[in-house]
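Participant: no letters, just coordinates:
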Ligand code: FRU
């Protein structure tokens, strides 16, 4: 393993080798961000799940640690969360050394073939040495199965107002809430979601947290993240969200937000949803527990993959990466409250040289490779443009390309008022006919200036448009590395307001 293999991400977390899916148990403790992840150490496709483990001082540069949780007599270790039990409510640590407690799904692989329904249960494990070694709780499971086949992915947090632990669980087509005084004894509290949002696939990997409304510090709302597979806006798996209130037992949708996630009255078959990321490759993402910095940030990472084709992508000897870490915030927009995602500021720690390109009106294609210091990927670009009010302008944006004829295009289409990522010509794509060639995302903020912040890695692009209001994440596999960059605009003059960028160092060196 060199971290220089073809398509190896340079600014994204990957396991050294073998199969990875969801991020799990993300928690901050004693100066370290912990990332656990769904891991199968014996193959590059999904199999008996373990929790892989890595730590980082900044969510950007990672140190791999030994596997934290292995399958056992109760089954595979599926997705879940981790918390610091500060008050030692569980009694698993001491007041001076609070336990780190992981709450996960035990999946009995023999249940389904045997025709049973109850093969997913919730269990806990704890560590008293900063996540280095783990002990499974002797009385697992802590939540038994009521007879429902899909019953998994516990996300646990401490609810300050009611002084108790809350667990949210993905239960087939809805969410179940449980509460507990001690992480060991859980009581069913309520359910949510049967008639709202997208139900194109099974519900997985929920998360629930409170966020202040930007610009209105008195007001806070609860944001509910929910992954769904399939049924995503551009095919396969994706993450939708809800905004509302939570009293420690029940989640209530905001009346205004409810309109955007209830079946369309004109066409009840059409489910409406609001998506955290419209790209095809951001799934099962949740936020870190116990982030104690003064900004009170809500920090998110997702799995940069899609169940439609993740197991057949052309990478070796590993499969899958995580998204860049992102900070989530809540904003009042013309369409109501919306979650914005922005890359975390810690990414500046790997900047290795900035550049600016001359701005002005252009038409057609403008090469900018020569202006980029290292003339290589990874690369961050910030571009701003304004379409002339008198001329109709076609799609515009950026492309990266190589000498073998592969090109990736990312941009905005003013006619359709939508962003797009076009990977149809970006290299190998014959491994799956579900590898969506072009993805689209609606614009939700209406400002005459179009802003795009783009992060290019060897095999992925992340677009944060309009300050993070619209996000798209997509992977691709060029036949030779992309090293050339150009701006493009089709049909009509475009006024570039800002073209600025940063080269970045690999996180593995
Ligand atoms: C989501 C998911 C989870 C499950 C895990 C199994 O990608 O299907 O619901 O816990 O992956 O690896």
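Facilitator: Okay, I see it. Keep in mind the model is a prediction, meaning the values are calculated, not measured.
Participant: count the residues that sit near the residue in the stretch 351-500 of the chain that the ligand sits nearest to.
Facilitator: Here the stretch 351-500 of the chain gets closest to the ligand at one residue, residue 473, 15.2 Å apart by C-beta to the nearest ligand atom. In short, each C-beta sits where N, CA and C put it, glycine included. When neighbours are counted by other C-beta atoms under 10 Å, residue 473 registers 30.
Participant: right, and it touches residue 464 too?
Facilitator: No: assessed by C-beta atoms under 8 Å, residue 473 is found out of contact with residue 464, at 9.7 Å.
Participant: what residues does this structure have near the ligand?
Facilitator: Contact residues (C-beta under 6 Å from any ligand atom) of the chain with the ligand: 21-22, 38, 49, 78-79, 105, 152-153, 204-205, 284.
Participant: which one of these sits closest to residue 313?
Facilitator: residue 21 (12.3 Å; C-beta to C-beta).
Participant: would you say residue 6 is within a strand?
Facilitator: No: applying DSSP: H, G, I helix; E, B strand; the rest coil, one finds residue 6 to be coil, outside a strand.
Participant: now do the contacts for it.
Facilitator: With contact set as C-beta atoms under 8 Å, 6 or more residues apart in numbering, residue 6 has these partners: residue 315.
Participant: got the buried residues for the lowest-mean-pLDDT helix or strand in the chain?
Facilitator: Least confident helix or strand, the chain: strand 360-367 with a mean of 86, by mean pLDDT, DSSP states H and E. Neighbour-count burial for strand 360-367 flags 362-363, 366 (criterion: 16 or more other C-beta atoms under 10 Å).
Participant: what does stretch 52-69 give?
Facilitator: Applying 16+ other C-beta under 10 Å to stretch 52-69 flags 52-56, 58-62, 68-69 as buried.
Participant: how far is that stretch from where the chain is centred?
Facilitator: Using C-alpha atoms, centre = their mean, to the nearest Å, the mean C-alpha position of stretch 52-69 is found 17 Å from that of the whole chain.
Participant: in the chain, where's the longest strand?
Facilitator: Counting by DSSP state E, the longest strand found in the chain is strand 484-504.
Participant: okay, now the sheet partners of that strand, with direction.
Facilitator: Take DSSP bridges as the rule and strand 484-504 pairs in its sheet with strand 351-356 (antiparallel), strand 360-367 (antiparallel), strand 379-387 (antiparallel), strand 396-401 (antiparallel).
Participant: which strand or helix spans the residue nearest to the spatial centre of the chain?
Facilitator: Centroid-nearest residue in the chain, with C-alpha atoms, centre = their mean: residue 302, separated by 2.4 Å. Assigned by DSSP states H and E, residue 302 belongs to strand 298-303.
Participant: for the residue nearest to residue 141 when sequence neighbours are not counted, name its beta-bridge partners.
Facilitator: The shortest distance from residue 141 to any non-neighbouring residue, by C-beta to C-beta, 6 or more residues apart in numbering, is to residue 121 (3.6 Å). Beta-bridge partners for residue 121, by DSSP bridges, are residue 106.
Participant: for residue 121, report the pLDDT, please.
Facilitator: As predicted, residue 121 sits at a pLDDT of 98.
Participant: which residues touch it?
Facilitator: By C-beta under 8 Å, 6+ apart, the contact set of residue 121 is 74, 105-106, 108, 140-141, 143-145, 151.
Participant: how far off centre is stretch 380-387?
Facilitator: That offset, for stretch 380-387, works out to 24 Å (C-alpha atoms, centre = their mean).
Participant: so what's the residue nearest to the centre of the chain up against?
Facilitator: Counted by C-beta under 8 Å, 6+ apart, residue 302 has contacts 23, 239, 277, 282-285, 322-323, 473.
Participant: from the ligand, how far out is residue 503?
Facilitator: 33 Å (C-beta to the nearest ligand atom, to the nearest Å).
Participant: alright, calling it a day.
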